[in-house]
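K.L.:
show me the folded form of this:
(chains A and B)
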2 protein chains.
Amino acid sequence: MKALDLKRLNIAILGLGNIGTGTYKALDMNGGHIKDTTGLDIAVKKIFEKDVDRDRGIAVDKGLFTQSEEDVFGDPDIDVVVELVGGVDFATSLMLKAMKAGKHVVTANKAALAANFEELTQTAEDCGVMLRYEASVGGGIPIIAPLTTSLLANRYDEIMGILNGTTNYILTKMSDEGRDYADVLKEAQEKGFAEADPTADVEGEDVANKLSILMSLAFGKRVPPGEIPTKGITEITKQDIDDAEKEGCVIKLVASAFRQGDGDVSCFIQPTLLNREHPLASVGNEYNAIYVKGNAVDDLMFYGKGAGPLPTASAVLGDVIEIGRAVK
Amino acid sequence: MKALDLKRLNIAILGLGNIGTGTYKALDMNGGHIKDTTGLDIAVKKIFEKDVDRDRGIAVDKGLFTQSEEDVFGDPDIDVVVELVGGVDFATSLMLKAMKAGKHVVTANKAALAANFEELTQTAEDCGVMLRYEASVGGGIPIIAPLTTSLLANRYDEIMGILNGTTNYILTKMSDEGRDYADVLKEAQEKGFAEADPTADVEGEDVANKLSILMSLAFGKRVPPGEIPTKGITEITKQDIDDAEKEGCVIKLVASAFRQGDGDVSCFIQPTLLNREHPLASVGNEYNAIYVKGNAVDDLMFYGKGAGPLPTASAVLGDVIEIGRAVK
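P.N.:
All right, here's what the predicted structure looks like:
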């Protein structure tokens, strides 16, 4: 194999929480490998973050930290801004500023994307920069890229997703161990698999953000997450799961979007009985999966870890690499 | 949504057999949709094929047929050559001629690629053209693209694939219906799911071609298919399957490649006992799946139809679209 010409790509990370730290660690772990296989020398040039001193389990050069937006957006050497601060309004404003300053943007932020999809994508187009967000749906699972590249010869007819690891973990434990919802939720919170306030997960709000993004891409139909009929898992009982099993089914929190006979696209999120033969039925614990039906390819499923610092970092850095290969 | 500027992309199809006909049909079915979503107006300008009169279940303009290579490679209007003649030597020579004539090439031909991987990829590089082959592994399943784009931030540690629909169909029927190998093979041949001479499928040769391609991409390691230790399914008995079931396992023909402790990559193809919990265990009938383990993303699985005219056409046309978007 020939040596590649090395090309330097400077990134700024906004937010060094769980995913930001995972991204930093993954780059520390695999930066050399990425250099060897792609020729891209990816360097973190700035970290926009207040909390300099938190123990992140990895040494981070304190000289990289800044609390000044100007330090990031005004630095002509920074090619890509990686937005991992989370939340909606502040994150959106940072992404807009970055793009208007000519920076390409990578984000894992499903809430900000789902809330402001048109403004963000239109700004990227207007500014002539790339906005990539593979990590926003399905964590490390490649799904945004296949839907928007490899599978473009299809008219999509249906998308069904298990898009939230916390709820899938709870339903799997309830089913495997015959336990109650409240009991499993408490254990999940103690183990750190569920938040102290689990509302966004168990009520399906997180899933609605992801389904909204998938629908924009697969069907060209914009449905704000608040308008997707959504039912979470809080009312599922042990009895429901037993009844499902008697019918050869499992209960999963499924996000569905499908083309109706008249061509219009319907969507909803709800606990759904899946026959054990369905590809999504065997997706257990914290795993996510997206089932896609196209009119040429027929049915497909993409399966993997839908959350976690390193799997999410895989998607974030994959987007950074794609930008690097396109612009360098 | 704004109207896109239409860009014409002219293709030539070499070989109008099953996959060629599927590609023609898929373009007939979805060409308008592709135009609307990508702005690419893909037109078949030439079909290199002797058999003009065969009933293909779709009207093909007889004026497109030619038996002259010059008509294809010498036509400056043809942007992309889609090689679907099958076989090794003639197909390889056609692809090389196409690339040397400045044409981008898309192929579904695993045998030609596995046999001549360096020569084909090097020629593409030397000629400054794109060579794409998503359809060569896993039919319609996006796997080549994810491995070479979205997942590049990973060091790949393991790939396991169910890469042949015929053998997976036979093993699934043997298991579900308690039948013998010979009996199921005969039925599969009668139904057209297995060839009259099933050797390439049941002895694992087809799988070896696909694993060889995956290893080149994921591990940068070239192993000619004939050098991959390969055992097919011809000796699997009903008793073997019963014994596996007693241990909570299923038998699948699995292609494996994995990084050893010393960094070297091992590979083999053989009937393998999979615990029912393994993501590949529930992949039944003619379906294919590829399990990938990366050191950041952890485990992933890509599942779908590994063969058939329309699923394969989805991958072929996906590659054509990617070329169109890159060069037009």
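K.L.:
next, count neighbours for A:Gly263.
P.N.:
7 (other C-beta atoms under 10 Å in any protein chain shown). Yep, even glycine has a C-beta here, placed from its N, CA and C like the rest.
K.L.:
quick one: the strands in chain A?
P.N.:
A:7-14, A:40-48, A:65-66, A:80-83, A:104-107, A:131-132, A:156-162, A:249-259, A:265-275, A:287-294, A:298-305 (DSSP state E).
K.L.:
wait, A:Gly140 sits on B:Lys293?
P.N.:
No: checked against C-beta atoms under 8 Å, the pair A:Gly140 and B:Lys293 is beyond contact range at 11.4 Å.
K.L.:
give me the more crowded residue out of the two.
P.N.:
Neighbours were tallied for A:Gly140 and for B:Lys293 using other C-beta under 10 Å; the higher tally belongs to A:Gly140 (31 against 16).
K.L.:
wait, what's in contact with the residue nearest to the more buried one when sequence neighbours are not counted?
P.N.:
In space, and not counting its chain neighbours, A:Gly140 is closest to A:Pro311: 3.1 Å by C-beta to C-beta, 6 or more residues apart in numbering or on different chains. The neighbours of A:Pro311, taking C-beta atoms under 8 Å, 6 or more residues apart in numbering or on different chains as the test, are A:139-140, A:304-305, B:296-298.
K.L.:
nearest to B:Gly20 among those residues?
P.N.:
Using C-beta to C-beta, A:Gly304 comes nearest to B:Gly20 of the contacts of A:Pro311, at 33.7 Å.
K.L.:
what distance do you get for that closest one to A:Leu211?
P.N.:
18 Å (C-beta to C-beta, to the nearest Å).
K.L.:
before we move on, back to that, filter the contacts of A:Pro311 to the buried ones?
P.N.:
With burial judged by 16 or more other C-beta atoms under 10 Å in any protein chain shown, the buried subset of these is A:139-140, A:304-305, B:296-298.
K.L.:
okay, and the common contacts of A:Gly140 and B:Lys293?
P.N.:
Common contact partners of A:Gly140 and B:Lys293 (C-beta under 8 Å, 6+ apart): B:Leu300.
K.L.:
tally of neighbours for A:Arg155?
P.N.:
There are 18 residues near A:Arg155, going by other C-beta under 10 Å.
K.L.:
so it touches B:Ile34, yeah?
P.N.:
No: A:Arg155 is beyond contact range of B:Ile34, at 9.2 Å (criterion: C-beta under 8 Å).
K.L.:
got the residues of the stretch 201-328 of chain A near chain B?
P.N.:
For the stretch 201-328 of chain A, the residues in contact with chain B (C-beta under 8 Å from any C-beta of the partner chain) are A:220, A:279, A:282, A:294-305, A:308, A:310-311, A:313-322.
K.L.:
recalculate using a threshold of 7 Å.
P.N.:
Counting by C-beta under 7 Å from any C-beta of the partner chain, the stretch 201-328 of chain A comes close to chain B at A:220, A:279, A:282, A:294-305, A:310-311, A:313-315, A:317-318, A:321-322.
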